[in-house]
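1. With the sequence up front, the predicted model follows.
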Amino acid sequence: MRSQRFDAIDALRGLALVWMTVFHFCFDLNQFGYWRQDFFNDPLWTTQRTVILSTFLFCAGMGQAVALDQGQSWRRFWRRWARVAGCAVLVTAGSALMFPRSFIYFGVLHGMALMLIVVRLTSGWGNWLWLLGLLAIGFKFMAAYGLVASPFEQLFNTPWLNWLGLITRKPITEDYVPIFPWLGLMWWGAATGAWLLRQPGLLTWQPARTGRALAWLGRWSLAYYMLHQSLLIGALMTLGLATR
């Protein structure tokens, strides 16, 4: 049986993809020296990254609520999960070639792969997901504060444990999406999805032409994510060769 797709969720994910593309294009312009910006410290860029990432994880959480409601089997879940995990491995390999000193070892796909399992196991917890999301977000900041100058500070800052997010300094890597606080966004997405499914008509909203295009894009989010940077970087490299 084919699972029902909801254009409202896919369109929101598609909007995040478009925003991400613009963000990454600006990032690539900086990397190639066409436009100098501080993407790691300037709030103009760090805030955008936070909002884009939050939207992706929120949509992933809503997707898990829909899958649970439609009776998705564990077999089908693992099949989709394997695609995310496999792409995470490819991201690590590709980034190691481009950025050997700051390659991605726990970026958005790595974090999403692990968080999807947690959310799948807890999606049926109802309104408790709101509280869990709040605790996940708060725990990151409280734990990091408590670890300062403690005997465990350095341990949680190492790559062996910094994927948890309980860090006192940000690791040197091109993308970093730890479990805490980002699991909270996915839990909130699952809680929102479960609530929307109980509201007749909200998720069956049919968008206009632009919204339908975004919904179509949102259905292919993983493939798009894996391809878009290669195309952007390839275009800028071609431009560089043509203007020599």
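-> Noted; the coordinates are in hand. As the structure is a computational prediction, the values presented were derived from the model and not from experiment. Residues are numbered from 1 along each chain as shown.
2. Show me the shaky parts of the chain.
-> Across the chain, the ranges flagged by pLDDT under 70 are 1-3.
3. Can you pull the phi and psi angles for F106?
-> Per-residue torsions, F106: phi -150, psi 70 (degrees, to the nearest 10).
4. Please list all residues in contact with it.
-> Residues counted as contacts of F106 (Cβ atoms under 8 Å, 6 or more residues apart in numbering) are P159, N162, W163, T173, Y176, V177, P178. Backbone N, C-alpha and C define where each C-beta goes, glycine included.
5. what's across from it in the sheet?
-> Note on F106: beta-bridge partners Y176, judged by DSSP bridges.
6. how close does it sit to L53?
-> To L53, F106 is 13 Å away according to Cβ to Cβ, to the nearest Å.
7. Pull up the overlap in contacts between the two.
-> With Cβ under 8 Å, 6+ apart as the test, F106 and L53 both reach V177.
8. Tell me which residues touch L121, please.
-> Residues near L121 by Cβ under 8 Å, 6+ apart: none.
9. Please state the offset of the helix or strand harbouring it from the chain centre?
-> Using DSSP states H and E, L121 falls within helix 108-122. Distance of helix 108-122 from its chain centroid, counting by Cα atoms, centre = their mean, to the nearest Å, is 10 Å.
10. buried set for that helix?
-> By neighbour count on 16 or more other Cβ atoms under 10 Å, the buried set for helix 108-122 is 108-116, 118-120, 122.
11. And stretch 126-139, by the same measure?
-> L129, W130, L132, G133, L135, A136, I137, F139.
12. Give me the contact list for that stretch.
-> Residues from elsewhere that reach stretch 126-139 (Cβ under 8 Å, 6+ apart): 122-123, 125, 179-181, 183-188, 190-191, 194.
13. Show me what the host helix or strand of H24 is packed up against.
-> In the assignment (DSSP H and E), H24 maps to helix 7-31. In terms of contacts (3 or more Cβ pairs under 8 Å, 6 or more residues apart in numbering; DSSP states H and E), helix 7-31 is packed against helix 43-69, helix 209-219, helix 221-242.
14. and with 10 Å instead?
-> helix 43-69, helix 179-197, helix 209-219, helix 221-242 (3 or more Cβ pairs under 10 Å, 6 or more residues apart in numbering; DSSP states H and E).
15. Export these as a markdown table, with columns for distance to G94 and mean neighbour count.
-> Formatted as a markdown table, those follow (distance: least, Cβ to Cβ, whole Å; neighbours: other Cβ atoms under 10 Å):
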| stretch | distance to G94 | mean neighbour count |
| --- | --- | --- |
| helix 43-69 | 19 | 19 |
| helix 179-197 | 22 | 23 |
| helix 209-219 | 22 | 16 |
| helix 221-242 | 8 | 13 |
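16. got those helices as JSON lines, with distance to L12 columns?
-> Below are these laid out as JSON lines (distance: least, Cβ to Cβ, whole Å):
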{"stretch": "helix 43-69", "distance to L12": "6"}
{"stretch": "helix 179-197", "distance to L12": "10"}
{"stretch": "helix 209-219", "distance to L12": "7"}
{"stretch": "helix 221-242", "distance to L12": "11"}
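17. how long is stretch 189-206 from one end to the other?
-> 20 Å (Cα to Cα, to the nearest Å).
18. Check stretch 215-226 too.
-> End-to-end span of stretch 215-226 (Cα to Cα): 18 Å.
19. Regarding stretch 156-165, how distant is the last residue from the first?
-> Note: stretch 156-165 ends 8 Å apart using Cα to Cα.
20. Show me the buried residues of stretch 126-139 that map onto helices.
-> L129, W130, L132, G133, L135, A136, I137, F139 (DSSP state H).
21. Go through the helices and strands packed on helix 7-31 and name the closest to I167.
-> Judged by Cβ to Cβ, the one of the helices and strands packed on helix 7-31 that comes nearest to I167 is helix 179-197, at 9.6 Å.
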